[in-house]
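Engineer: task: produce atomic coordinates for the following.
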Amino acid sequence: MKDAPNPAQPTPLPHSPSNSPRNSRRSFLRKLGASAAVAAAVPSALASARTHAEYLPLVKKQPFAANDRIRIALIGTGGMGIGDAQTALMVEGVEIVAACDLYDGRLTRAKELWGKDLFTTKDYRQILERPDVDAVINATTDHWHEKISTDALRKGKHVYCEKPMVQKVDEGHQLIKVQKETGKTFQVGSQFVSSIIHAKAKELIKAGDIGEINFAEAQFDRHNAMGAWQYSIPLDASPQTVDWDTYLGNAPKRPWDPLRFFRWRNYQDYGTGVSGDLYVHLLSMLHFVTDSKGPNRVMATGGLRHWKDGRDVPDLHLGLFDYPKTDAHPEFNLALRANFVSGGTANYQFRIVGSEGDVTIGWDSLTVRRTPFAKAPGLSIDSFPLAMQEAYKQEYYLKYPVRPTMEGPTEFVYKTPKDYKGDRYEHFVNFFDSVRNGKPSVEDATFGLRACGPTQAGNLSYFGRKIVGWDPEKMRIAEKA
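Structural biologist: Residues are numbered from 1 along each chain as shown. A predicted model of the protein is given here:
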């Protein structure tokens, strides 16, 4: 994943009997395990605490033949590229044989990390011609994602591509076409899709444990220069050490500028701003958890409030997304926020709200809170005449008799186990499993476009100061919002 902290089928119909509050409650308790069910049934067990903690189970990995090694090459050896490669090498049976970057210093660093005999080049096409490369990690700037991924697939390489999958919607359709034509594994690097945390959230929401979804919200708040993309510039940065002309690619031609090379996320020519760089993670996890294909209206606002360093993208961004009713979920709304000068505190949160509770997802835990609606609506009759109050109460208590009921736990916490290697590791495990066994990837090009397409709509909304429509089925910017 790019620039995020390093630390996841059909839903029952909303009003079906299996999704009634009573059955939903039973499902909720069943899934908590025997200890939670006992706690819910015994009042004394809840006298001191109402929170039950449970560790999420690890998925057992299937062994593979000792000689079934996968040889990878890294294209783009910046911070995220190195992080991706190091994580990929944690997976059994994976080795790195080549690396590519347009800055000399990063090629030197690649040899320091992975051996002096590592093949390095500034021309990614030399990587694709190597018969010993089975798969590539495409960790380049956003404006190079589609071109390099397409070329790699056509050369018979499997591709792990950093998010956002593409910079422009049309590029996404091209990549979908090439993935289908070549039949090679293609996986986008929004690793939350492989997280056991988000898998648990998906399970609980499908079971109806928080009722009908009506709202979701998330935020990426930061309060430091690195988080605001003010990356360090190497002392030897120059046209002699950087292949600037190749870097520009199809972007507008400009004279050499080290800021635009090493801090590329700050510029529309090469990146996708807060919307494409960060929101795409949140949309990916939301679509995975809810089986959604995406929103149909997008609105965005914000501004450049603090980091006035030449960038042309906002450092405060607010996004609103309308999700239409589908067979998988009811109609709901999503609110996203990113603030790169959050003086209160740096904060990450992802929350899905339903009619009977909510799910809050953190980096290493998930909290479920259950707040069912009371059966009785309550009384607001003080302004009625006394005689009317008495008559009203008689009818009210006949309809809603007062009965004592057992009170169960209202909050449950799930945590990742201590030996959990993280969702990026799990994402690479899934990628290499697809490469070895020909299984569909967990985040293919279609999924990738459905996650990043609405973020382009968000940028169009922000810069155009208008509401923008998105067609989640056709994956196109819609003419009418």
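Engineer: tell me, how many residues neighbour residue 160?
Structural biologist: A total of 28 residues lie near residue 160 under the criterion other CB atoms under 10 Å. Backbone N, C-alpha and C define where each C-beta goes, glycine included.
Engineer: hmm, residue 429 and it touching each other?
Structural biologist: No - counting by CB atoms under 8 Å, residue 160 sits too far from residue 429 to count as a contact (11.7 Å).
Engineer: so where's the stretch 351-481 of the chain uncertain?
Structural biologist: The stretch 351-481 of the chain contains no residues with pLDDT under 70.
Engineer: which residues in it form helices?
Structural biologist: Applying DSSP state H, counting those that start in this stretch to the stretch 351-481 of the chain gives helices spanning 386-399, 423-437, 445-464.
Engineer: out of those, which one sits most buried?
Structural biologist: Highest mean neighbour count of those: helix 445-464, a mean of 24 (counted as mean count of other CB atoms under 10 Å).
Engineer: if residue 365 is in a bridge, with which residues?
Structural biologist: Taking DSSP bridges as the rule, residue 365 bridges to residue 415.
Engineer: identify whichever of the helices of the stretch 351-481 of the chain lies nearest to residue 333.
Structural biologist: Nearest to residue 333 among these is helix 445-464; the distance by CB to CB comes to 13.3 Å.
Engineer: and that closest one, C-alpha only, in PDB?
Structural biologist: What follows is helix 445-464 as a C-alpha-only set of coordinates in PDB (Å, rounded to 0.1, in the frame of the first residue of the first chain):
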ATOM      1  CA  ALA A 445      -8.500  -4.900 -12.100                       C
ATOM      2  CA  THR A 446     -12.300  -4.600 -12.000                       C
ATOM      3  CA  PHE A 447     -12.200  -4.400  -8.200                       C
ATOM      4  CA  GLY A 448      -9.400  -1.900  -8.500                       C
ATOM      5  CA  LEU A 449     -11.200   0.400 -10.800                       C
ATOM      6  CA  ARG A 450     -14.400   0.300  -8.700                       C
ATOM      7  CA  ALA A 451     -12.300   1.500  -5.800                       C
ATOM      8  CA  CYS A 452     -10.200   4.200  -7.500                       C
ATOM      9  CA  GLY A 453     -12.700   5.400 -10.100                       C
ATOM     10  CA  PRO A 454     -14.900   7.200  -7.500                       C
ATOM     11  CA  THR A 455     -11.800   8.900  -6.100                       C
ATOM     12  CA  GLN A 456     -11.200  10.500  -9.600                       C
ATOM     13  CA  ALA A 457     -14.800  11.600  -9.400                       C
ATOM     14  CA  GLY A 458     -13.900  13.100  -6.000                       C
ATOM     15  CA  ASN A 459     -11.000  15.100  -7.500                       C
ATOM     16  CA  LEU A 460     -13.300  16.300 -10.300                       C
ATOM     17  CA  SER A 461     -15.800  17.400  -7.600                       C
ATOM     18  CA  TYR A 462     -13.100  19.200  -5.600                       C
ATOM     19  CA  PHE A 463     -11.500  21.100  -8.400                       C
ATOM     20  CA  GLY A 464     -14.700  21.700 -10.300                       C
END
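Engineer: worst-scoring helix or strand of this protein, pLDDT-wise?
Structural biologist: helix 34-41 (a mean of 33; mean pLDDT, DSSP states H and E).
Engineer: centroid-nearest residue for this structure?
Structural biologist: residue 281 (2.7 Å; CA atoms, centre = their mean).
Engineer: wait, a helix at it?
Structural biologist: Yes - according to DSSP: H, G, I helix; E, B strand; the rest coil, residue 281 belongs to a helix.
Engineer: how near is it to residue 164?
Structural biologist: The gap separating residue 281 from residue 164 is 9 Å, by CB to CB, to the nearest Å.
Engineer: count of neighbours near residue 205?
Structural biologist: With other CB under 10 Å as criterion, residue 205 counts 21.
Engineer: now name the helix or strand holding it.
Structural biologist: helix 196-206 (DSSP states H and E).
Engineer: about what we covered before: which of the helices of the stretch 351-481 of the chain sits closest to residue 186?
Structural biologist: helix 445-464 (5.4 Å).
Engineer: elements contacting that closest one?
Structural biologist: In this structure, helix 445-464 packs against helix 169-182, strand 186-188, helix 280-290, strand 297-303, strand 316-323, strand 468-471, strand 476-478, with contacts taken as 3 or more CB pairs under 8 Å, 6 or more residues apart in numbering; DSSP states H and E.
Engineer: and that helix with strand 297-303, angle?
Structural biologist: Using axes from the mean of the first three to the mean of the last three CA atoms, to 10 degrees, the inter-axis angle of helix 445-464 relative to strand 297-303 is 50 degrees.
Engineer: if we can go back for a sec, which of the helices and strands packed on helix 445-464 is buried the deepest?
Structural biologist: strand 186-188 (a mean of 31).
Engineer: okay, now the closest residue to residue 438 other than its chain neighbours: neighbour count?
Structural biologist: Spatial nearest neighbour of residue 438, excluding adjacent residues (CB to CB, 6 or more residues apart in numbering): residue 185 at 7.9 Å. When neighbours are defined as other CB under 10 Å, residue 185 has 26 of them.
Engineer: now the one 10 residues further on
Structural biologist: Other residues lying near residue 195 total 26 when counted by other CB under 10 Å.
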